[in-house]
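1. next come a sequence and a model predicted from it.
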Amino acid sequence: HKKNTRLMSTGAEGVPKKLWSLGRLNHVAIAVPNLEKSVSFYRDILGAQVSGVLPLPEHGVSTVFVNLGNTKLELLHPLGEKSPIANFLTKNTEGGIHHVCLEVDNIEKALADVTSLNIRSLDKKPKIGAHGKPVVFLHPKDCNGVLVELEQA
């Protein structure tokens, strides 16, 4: 049984150590057909702290973050003609969970590592996401049916 050396480098005293590590759940993203109605639900009915609308034309979305203390929800609404969220909402007219975002301490090494293990990335290299940090998305068909976003912690 051969060890997976792609994940490891040799640290002090020859003990293998991982080149990157997985952090906390950053957010769960929800595609919404009506951003104002969704903001009102979380802010006015549930009493959550809600951010302003942040347009991200390079990602084809407008986002609003709902702060839950231990993590966030990201409300996603289509922006522009080539929005991936518009396609999602065509198939899921009421909206729904779009992706989960997990933090990593070294996004470049994480991306190289997972792609070397035949996990497809939707991005050749990290792009700047809604938090102003590098992000990549991993193909849901390689991640148990879930679109996974990795974000630099």
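-> All right, it came through fine. Small disclaimer: the values here were computed from a predicted structure and weren't measured.

2. hang on, residue 111 in a helix?
-> Yes - checked against DSSP: H, G, I helix; E, B strand; the rest coil, residue 111 lies within a helix.

3. that one touches residue 122, doesn't it?
-> No - here residue 111 lies out of contact with residue 122, judged by CB atoms under 8 Å, at a distance of 11.0 Å. For the C-beta atoms, the positions are set from N, CA and C on the backbone; glycine is no exception.

4. give me the more crowded residue out of those two.
-> A side-by-side neighbour count of residue 111 and residue 122, using other CB atoms under 10 Å, places residue 111 first with 22 against 14.

5. leaving out the residues flanking it, which one is nearest to that one?
-> residue 136 (5.3 Å; CB to CB, 6 or more residues apart in numbering).

6. wait, is the one you found part of a strand?
-> Yes - assessed with three-state DSSP, residue 136 lies in a strand.

7. quickly list what residue 99 is bridged to.
-> In this entry, residue 99 is beta-bridged to residue 29, by DSSP bridges.

8. and it, how many neighbours?
-> Residue 99, neighbours per other CB under 10 Å, totals 21.

9. the one 4 residues further on too?
-> By other CB under 10 Å, 20 other residues sit near residue 103.

10. same thing with residue 61?
-> By the criterion of other CB under 10 Å, residue 61 has 24 neighbours.

11. surely it and residue 75 touch.
-> No - counting by CB under 8 Å, residue 61 sits too far from residue 75 to count as a contact (9.5 Å).

12. least trustworthy helix or strand in this structure by mean pLDDT?
-> strand 8-10 (a mean of 55; mean pLDDT, DSSP states H and E).

13. before we move on, back to that, give me the common contacts of residue 111 and residue 122.
-> residue 136 (CB atoms under 8 Å, 6 or more residues apart in numbering).

14. okay, now the nearest residue to residue 142 once chain neighbours are set aside: neighbour count?
-> In this structure, residue 142 finds its nearest non-sequential neighbour in residue 119, 4.5 Å apart by CB to CB, 6+ apart. Look at residue 119: counted by other CB under 10 Å, it has 15 neighbours.
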